[in-house]
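Asks: 3D, please:
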Amino acid sequence: MFSIPGKNAVSITPAAAAQIAKLMDKDDHQGLRIGVKKGGCAGMEYTMEYVTEVDPLDEVVEQDGARVMIAPMAQMFLFGTEIDYEVSFLEAGFKFKNPNVTEACGCGESIKFDETLSAG
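Replies: Down below sits the predicted model:
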């Protein structure tokens, strides 16, 4: 597991925590699992899925009634990320402010990480 003792892998803004808590109330979800997968024009994409059962290998971050699980293979890519929830005139959704991203596509759906992260 990629973590620093006493420090969560990700931080959650109050807006994101409120939205995640609201989603958890639906169908008795345990939280949201966040990961990364290959794809998109920049090489990687974030994934989010409802969790009905917590995987013991997930890193669990709990804040203000919200629970986020970080998939094991994504922990090194997401370390230091701030998860926010933004509402604008045209859209609403989760936004990731990730210090490990070196490049992102114009639509914001696809990202590229520092090559040394995946070499480790």
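
Asks: C-alpha from now on. contacts and neighbour counts both.
Replies: Noted.

Asks: tell me what residue 33 is bridged to.
Replies: Per DSSP bridges, the residues bridged to residue 33 are residue 49, residue 69.

Asks: what's the burial count for it?
Replies: Each residue near residue 33 was counted by other Cα atoms under 10 Å, and the total is 21.

Asks: what sits against it?
Replies: 47, 48, 49, 50, 51, 68, 69, 70, 71 (Cα atoms under 8 Å, 6 or more residues apart in numbering).

Asks: and the pLDDT at the second one?
Replies: To tie it back to what came earlier, the one meant is residue 48. If you check residue 48, the pLDDT there is 89.

Asks: doesn't residue 31 make contact with it?
Replies: No - using Cα atoms under 8 Å, residue 48 is not in contact with residue 31; the gap is 10.1 Å.

Asks: so between the two, which is more surrounded?
Replies: The residue with more neighbours, out of residue 48 and residue 31, is residue 31; 26 against 15, by other Cα under 10 Å.

Asks: what subset of the contacts of residue 33 is buried?
Replies: 50, 51, 68, 69, 70, 71 (16 or more other Cα atoms under 10 Å).

Asks: which element, helix or strand, includes the residue lying farthest from the centre of the chain?
Replies: Taking Cα atoms, centre = their mean, the residue of the chain most remote from its mean C-alpha position is residue 89, at 23.5 Å. Using DSSP states H and E, residue 89 maps to neither a helix nor a strand.
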